[in-house]
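A.B. asks: Give me the fold of what follows.
(one chain, ligands or ions: 2)
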Amino acid sequence: MTWLCFGIVLGLIVALVRLRQKWIVPWRGIEQILAHMARGERPRTFLLEGAAGPRNVALALEQFFDRQTQLDRRITESASGASTVFNALQDGLLVVDTGHRLTLVNRSFETLFGARTDDLGRPLLEVIRDPAVDRLIGETLASGAPQRGELAVTAAHQQPLCLQLSAVVVKNEAGLTTGAVMLFHDITQLKQTDEIRRDFVANVSHELRTPLSILRGYIETLLDDPSTSLDELVRILEVMNRHSNRLGLLVDDLLTLAQLESSNPNLQLSDVRLTELFAAIVRDWGKKFTEKRLSLEVGSAPDCSLIRADETRLQEIIYNLLDNALKYTAPGGKIRLQAERRGKEVALSVSDTGVGIPEADLPRIFERFYRADKARSREFGGTGLGLSIVKHIAQMHGGQVEAESVLRRGTTIRVLLPIQGPPDPVVTESSH
Ligand code: ATP
Ligand code: MG
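C.D. replies: Ligands and ions are numbered 1, 2, ... in the order given. Next up, the predicted model:
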C-alpha cells in the first residue's frame with residue numbers, strides 16, 4: 001500500500017514536472033521575449049521547447065518583430081532622406097504646430113537665426129524674437145491662405161540680410177490644420193540690384209534735366225523776343241549748342257554702358273601693337289594738349305608691345321583717361337601715357353600733374369555718375385560715366401583698374417589687362 005501511494009505521488013510529481021516543462025516554462029520564455037521586444041531589442045531566440053501553443057506564439061512574435069524592424073528601418077531611411085533634402089535647401093525652412101511651437105527646422109534656418117536642434121518644441125517667439133514672423137504664422141493658421149512678408153536679419157558675423165518669407169498651412173489626411181511651413185528666401189542681392197537701378201534712373205533723369213531746362217529756357221526767350229540782337233542770338237545759340245552736345249555725350253555714354261553691360265558685349269579681339277596705337281592717339285590728341293599748354297609724354301616698354309584685346313575698346317579706355325587728365329590738369333601741366341609689363345599683364349596708365357582726387361573719393365570714382373569735384377566736373381560737361389566705362393572694358397578683358405592720387409599734385413589711373421586676352425568666359429561685375 002505504501003508503495004502504491006509512493007508510486008502515485010511520484011507519478012504526480014513527474015506529471016507536474018512534465019506539465020511545467022510543456023506549459024509553464026514556454027510561457028515564461030514568451031514573457032522574456034516580450035520584455036526584450038518592449039526594450040526594442042531582438043530576443044536571443046524565438047525557438048521554445050514545450051507545447052505547440054506557446055511555440056507558435058513565439059514564431060508569430062518573431063515574424064512581427066522582423067516586420068517591425070523593417071518598417072523602422074524604412075521610416076529612418078525616409079526621415080534621413082527628407083532631412084538631407086531639407087538641409088540641402090539654400091532657403092531657411094521652419095515647420096510649426098498650431099500652437100506656434102517648432103516641430104522642424106533645417107540647417108539654413110539654424111544658421112540664419114542661431115537656432116539649435118534642442119529648440120524643437122519651443123515657442124517660435126523664443127527663437128525668432130521678431131514678432132512679425134510669429135504674426136505671419138498666426139495669420140496663415142487663422143486664414144488658411146498662403147501669406148508673404150519680408151524680414152531684415154543680421155546673422156552672427158554677417159552682413160544684414162533681407163529675407164522674403166512665405167508661409168502655408170499644413171493639413172493632415174482628414175483635412176485638419178496641423179501647423180504651418182515657412183520658407184525664408186534671401187533677396188538681399190535682388191534688393192541691392194533694384195536700388196542700383198532706381199539710383200541709376202534718378203541719376204540719368206537728373207543729368208538730363210539740367211541741359212534740357214537750359215535749352216527750353218533759351219527757346220522760350222527766343223520765341224518771346226523775336227527782335228533779339230544778332231550778338232545775343234549767337235551767344236544763345238552757342239550755349240544751346242554746348243548743352244545739346246552735352247546731351248549727345250550723355251546719351252552716347254549711356255549707350256556704351258548699356259552695350260558693355262549686355263549679356264553679349266561682343267569683344268572684337270585682335271593682336272594690338274601698343275606703340276602704333278599710342279602714336280595714333282598722340283596724333284589725335286596732340287592739338288588739344290598744345291591748346292591747353294600741356295605736355296604729353298608717351299612710353300611703352302618693349303616687352304609689352306603686343307597685347308590681345310579689342311582695339312576700339314582699348315582706345316576708348318585711353319581716350320577716357322586722357323580726357324580726364326586734360327580736364328583736371330591746369331595749363332603747364334604734364335601728362336604721361338605709359339605701358340609696362342607686370343607679370344602676365346600689361347599696366348596701361350595715364351598720369352597727370354593736375355588737381356588730384358581727395359582720398360575719401362578715390363575708392364568711388366569708378367562708380368557710375370560719381371564725381372569727386374562736382375562743380376569742376378560739371379563745368380567741363382562731365383557726367384561721371386567715363387571711368388565706369390573704363391572699368392567695364394577692363395573687366396570684359398579679364399582685367400582691373402587702380403587709382404592713385406595726391407590732392408593738388410596729380411593722379412594716376414592704371415588699367416591692368418592680361419597680355420593673352422580675356423580668359424574665357426569673362427564675367428563682368430556691375431560697377432554702380
Ligand atoms: P565723363 O567722363 O562722363 O565726361 P567725368 O570725367 O566727370 O565725366 P569720370 O571720368 O568717370 O567722370 O571721372 C569721375 C570723377 O573722378 C571725375 O568727376 C573727377 O572728379 C575724378 N577724376 C577722374 N580723373 C581725374 C583726374 N585725372 N584728376 C582729377 N580728378 C579726376
Ligand atoms: Mg571722364
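A.B. asks: So which residues make contact with stretch 101-117?
C.D. replies: In this structure, residues lying in contact with stretch 101-117 by CB atoms under 8 Å, 6 or more residues apart in numbering are 83, 86-87, 89-97, 119-124, 127-128, 153, 155-156, 161, 163, 179, 184. Every C-beta, even on glycine, is put in place using the N, C-alpha and C of the backbone.
A.B. asks: make that stretch 166-185, sorry
C.D. replies: Outside stretch 166-185, the residues that touch it by CB under 8 Å, 6+ apart are 91-98, 103, 108-109, 112, 133, 136-137, 140-141, 144, 146-149, 151, 163-165.
A.B. asks: Tell me how many other residues surround Thr312.
C.D. replies: Using other CB atoms under 10 Å, the number of residues around Thr312 comes to 12.
A.B. asks: That one against Gln268, yeah?
C.D. replies: Yes - with the criterion set as CB atoms under 8 Å, Thr312 and Gln268 qualify as a contacting pair; they are 6.9 Å apart.
A.B. asks: Leaving out the residues flanking it, which one is nearest to the residue in the stretch 51-200 of the chain positioned nearest to ligand 1?
C.D. replies: Across the stretch 51-200 of the chain, the shortest distance to ligand 1 (CB to the nearest ligand atom) belongs to Phe200, at 14.1 Å. Taking CB to CB, 6 or more residues apart in numbering as the measure, Phe200 lies nearest to Arg368, with 6.6 Å between them; neighbours along the chain are not counted.
A.B. asks: who touches whatever residue of the stretch 151-300 of the chain ends up closest to ligand 2 in this structure?
C.D. replies: Distances between the stretch 151-300 of the chain and ligand 2 by CB to the ion are smallest at Asp253, namely 9.2 Å. For Asp253, the set of contacting residues under the criterion of CB under 8 Å, 6+ apart consists of Thr383, Leu385, Gly386, Ile389.
A.B. asks: Could you do Ser300 as well?
C.D. replies: By CB under 8 Å, 6+ apart, Ser300 lies in contact with Leu274, Thr275, Phe278, Gln338, Ala339.
A.B. asks: Next, it: phi, psi?
C.D. replies: phi -140, psi 120 (degrees, to the nearest 10).
A.B. asks: buried residues in the helix or strand harbouring the residue of the stretch 51-200 of the chain closest to ligand 1?
C.D. replies: Here Phe200, judged by DSSP states H and E, is contained in helix 188-224. Residues of helix 188-224 classed as buried under the neighbour-count rule (16 or more other CB atoms under 10 Å) are Phe200, Asn203, Val204, Glu207, Leu208, Pro211, Ile214, Leu215, Tyr218.
A.B. asks: again with stretch 371-379
C.D. replies: Buried residues in stretch 371-379, counting neighbours by 16+ other CB under 10 Å, are found at Arg371, Ala372, Asp373, Ser377.
A.B. asks: anything in that stretch sitting right up against ligand 2?
C.D. replies: No - no part of stretch 371-379 sits close enough to ligand 2 to count as contact by CB under 5 Å from the ion; the gap is at least 7.7 Å.
A.B. asks: Contacts made by that stretch with the rest, please.
C.D. replies: For stretch 371-379, the surrounding residues in contact (CB under 8 Å, 6+ apart) are Lys327, Tyr328, Val355, Ile357, Pro358, Asp361, Leu362, Arg364, Ile365, Gly382, Gly384.
A.B. asks: from those, which two are the most distant?
C.D. replies: Farthest pair in the contacts of stretch 371-379 (CB to CB) is Lys327 and Arg364. Separation: 18.0 Å.
A.B. asks: hang on, the earlier thing: quick check: which of the contacts of Asp253 are also close to ligand 1?
C.D. replies: The subset of the contacts of Asp253 lying close to ligand 1, counting by CB under 6 Å from any ligand atom, consists of Thr383, Leu385, Gly386.
A.B. asks: so of the residues you listed, which ones are in helices?
C.D. replies: Filtering the ones next to ligand 1 among the contacts of Asp253 for membership in helices, criterion DSSP state H, returns Gly386.
A.B. asks: between the ones next to ligand 1 among the contacts of Asp253, which is nearest Glu291?
C.D. replies: Closest approach to Glu291 among the ones next to ligand 1 among the contacts of Asp253 (CB to CB): Gly386, at 20.1 Å.
A.B. asks: Next, please give the residue ranges for the strands of the stretch 151-300 of the chain.
C.D. replies: 161-171, 177-186, 269-273, 295-300 (DSSP state E, counting those that start in this stretch).
A.B. asks: Understood, closing this out.
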